[in-house]
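1. coords please:
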Amino acid sequence: MREKMIRFMQGRHGQDEFGRFLLGAAMVCVLLNLLFHSELLYLVAWVLLIYTYFRVFSKNHTARYNENQKYLRTKAKYFYWFGQQKKLANERKIHHIYSCPKCHQKIRIPKGKGKIMVRCPKCHHEFPKRS
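-> All right, here's what the predicted structure looks like:
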């Protein structure tokens, strides 16, 4: 039986990151459907599950590879954005972050220095701020 499955899967795309995401999304829809009993969630879960298996058994490697790469780029973009937000939240513990009123450049000022004159490194405009 194992050999038959191996022969059947030869030349097929198989599982990838996007396929695992789709399978997880289908399972989330099934669980939400158990709570809310929605026809729409039931339909979405089935569509996601069918599309997941279509991708697994597909022999069109180029199209499935392109779909997976698009998913990975989008995922990386969101992970980068959340990482930047986490970094900014940590910086706000010890610094104030202001924008230059003239050129809108972000400027980081250490906390606890009192009222100071801030000079923009980009346009050299000076403006008072409390740190």
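2. Count the neighbours of the nearest residue to A26 once chain neighbours are set aside for me.
-> Of all residues not flanking A26 in the chain, L48 sits nearest, at 3.8 Å (C-beta to C-beta, 6 or more residues apart in numbering). Yep, even glycine has a C-beta here, placed from its N, CA and C like the rest. By the criterion of other C-beta atoms under 10 Å, L48 has 20 neighbours.
3. next one: the one 10 residues further on
-> Burial measure for S58: 15 neighbouring residues, criterion other C-beta under 10 Å.
4. re earlier: mind listing what the residue nearest to A26 touches?
-> L48 is in contact with 22-23, 25-26, 29, counting by C-beta atoms under 8 Å, 6 or more residues apart in numbering.
5. Apply 7 Å and report the result again.
-> By C-beta atoms under 7 Å, 6 or more residues apart in numbering, the contact list for L48 reads 22, 25-26, 29.
6. of all these, which two lie farthest apart?
-> Spatially, the most separated pair among the contacts of L48 is L22 and C29, at 10.5 Å (C-beta to C-beta).
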